[in-house]
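Peer 1: show me how the following folds:
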Amino acid sequence: MGQKDKIFKFIKGIPSGMSWEVGVDLGSSNTLIYLKDRGIVIEESTTMARLKKKRWTGMSAPKVSLAKSVAFGIKAKEMEFREPKQIEVINPIKNGIVADLEGAEKLVGYFMKLVYEIPSGYPKIFKPKIVVGVPSFVTEVQKRAVKQIFLGAGAREVVLVDESILAAMGLGLSLDKSQGILMVDIGGGKTEVGVLSAGGLVVGRGIKTAGNDFDEAIINYIKMKYGLLIGKSSAEKAKIEVGNMDTKEDSKKQIVLRGRDLDTSLPKSIRINETEIREAVSLEVGKIVRLVSEVLDETPPEMMDDIMKRGIVMVGGGSKLRGIDSLIEQKTKINVEVVQEPELAVIKGCGELISDPKKMKLLKKYLGG
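Peer 2: So this is what the prediction gives:
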């Protein structure tokens, strides 16, 4: 073994107390960061605000400089649709993939800076090891982009793991058993349906239909039925309010929406109920139900017994919308379970992985690392 190999092996074996071990769920809508021995330390919107790039014309035009960042996370989200004309609010991650590399680098750099500022009982001398959840359908080019973003933010090692696998680990799935489970992950920008076994994906498919599309569907429904133009934030609040309805009494409550009357251009408010929200998103939900059916059609028959016994497991913030589980159950004739705190399933899986070296070693073996 050469000197360089010995040094590398020593660095790989550094005690966790001398460096951060971090798990990241970099979602289209929200980003969650898990720190070993601390739990979830950051839960922010995957949003940033920056000055718009100036554009010049002419032969002697100066080079365009990088856009200056103004705000990140929740602060940037609060500016959305309220920002002055010289500022733009963006989501660098769309449909689960990096849509704006420069914006993603700055946003991740900001989040990691917050992590590095967290007090610790031991000096953090070495760069952190980071586990990042990625959609199963991303290409190798997109995976390299995610890796480069985190390496640029100061990571010494970046491990990319399918979000479906992380979510299953967060629910207690064993990596060393051939135990089939069907996961439905409805996020903000994409939906993934996958059959998992022994720490890997047996069958998996994804579509760019998720929580953000529910918001757009609500906006269009209100516009067509009531002639009222509402904002995306109002539609999102209505969707969340329906998701938080637990009882039949709650479902009878009316939701107040305010916007601009398209006939008079004056402010106007209306009251709608849960049934109308479900009607508004029915087409988008239908796409997800069909995706589940398609994955079941491709599932090996040997795994159907496991799925029938365990049922279909739903995770992701979008699965909280009331009624989606019953529609999938009605179509597939299989019991459907929406886990508690479904929006935290992936980041909990990151926590399981970085807290248990044996699981990390086993997963790397399956990943070929």
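Peer 1: mind giving me the domain split of this structure?
Peer 2: Annotated domains of the chain cover 16-46+91-169+345-367, 177-209+282-340, 211-280 [automatic domain parsing].
Peer 1: CSV for these, including mean pLDDT and distance to residue 81?
Peer 2: (Each C-beta comes from the backbone N, C-alpha and C, glycine too.) Below are the domains of the chain laid out as CSV (pLDDT from 0 to 100; distance: least, C-beta to C-beta, whole Å):
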stretch, mean pLDDT, distance to residue 81
domain 16-46+91-169+345-367, 89, 13
domain 177-209+282-340, 91, 17
domain 211-280, 89, 6
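Peer 1: of these, which is nearest residue 84?
Peer 2: Residue 84 lies closest to domain 211-280 among the domains of the chain, at 16.9 Å (C-beta to C-beta).
Peer 1: re the thing from before, export the domains of the chain to CSV and append columns for mean neighbour count.
Peer 2: Shown next, in CSV, are these (neighbours: other C-beta atoms under 10 Å):
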stretch, mean neighbour count
domain 16-46+91-169+345-367, 19
domain 177-209+282-340, 19
domain 211-280, 17
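Peer 1: turn these into a markdown table, columns for distance to residue 68.
Peer 2: Output for these, formatted as a markdown table (distance: least, C-beta to C-beta, whole Å):
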| stretch | distance to residue 68 |
| --- | --- |
| domain 16-46+91-169+345-367 | 10 |
| domain 177-209+282-340 | 26 |
| domain 211-280 | 25 |
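Peer 1: what's the closest of those to residue 82?
Peer 2: Using C-beta to C-beta, the nearest of the domains of the chain to residue 82 is domain 211-280, at 9.3 Å.
Peer 1: how long is the closest one end to end?
Peer 2: Using C-alpha to C-alpha, to the nearest Å, the end-to-end distance of domain 211-280 comes out at 13 Å.
Peer 1: quick one: distance of that domain to the chain centre.
Peer 2: 24 Å (C-alpha atoms, centre = their mean, to the nearest Å).
Peer 1: which one of the domains of the chain lies closest to residue 80?
Peer 2: domain 211-280 (7.2 Å).
Peer 1: related to what we said a few turns ago, for residue 85, which of the domains of the chain is the nearest?
Peer 2: Nearest to residue 85, of these and by C-beta to C-beta, is domain 211-280 at 17.5 Å.
Peer 1: residue 207 touches residue 291, doesn't it?
Peer 2: Yes. Between residue 207 and residue 291 there is a contact at 5.6 Å, judged by C-beta atoms under 8 Å.
Peer 1: now for the two: what residues contact both?
Peer 2: residue 191 (C-beta atoms under 8 Å, 6 or more residues apart in numbering).
Peer 1: out of the domains of the chain, which gets nearest to residue 71?
Peer 2: For the domains of the chain, the distance to residue 71 is smallest for domain 16-46+91-169+345-367, at 9.6 Å, taking C-beta to C-beta.
Peer 1: now do that closest one: distance to the chain's middle.
Peer 2: On C-alpha atoms, centre = their mean, the centre of domain 16-46+91-169+345-367 falls 12 Å from the chain's centre.
Peer 1: same check, this time on stretch 310-328
Peer 2: The answer for stretch 310-328 is 16 Å, by C-alpha atoms, centre = their mean.
Peer 1: so residue 345 makes contact with residue 172?
Peer 2: No. Residue 345 lies out of contact with residue 172 (C-beta under 8 Å); the separation is 11.0 Å.
Peer 1: shared neighbours, those two?
Peer 2: Counting by C-beta under 8 Å, 6+ apart, nothing touches both residue 345 and residue 172.
Peer 1: can you name every helix or strand that the one helix or strand residue 292 maps to contacts?
Peer 2: Using DSSP states H and E, residue 292 sits in helix 282-298. Under the contact definition 3 or more C-beta pairs under 8 Å, 6 or more residues apart in numbering; DSSP states H and E, helix 282-298 sits against strand 181-186, strand 191-197, strand 200-207, helix 211-226, helix 324-332.
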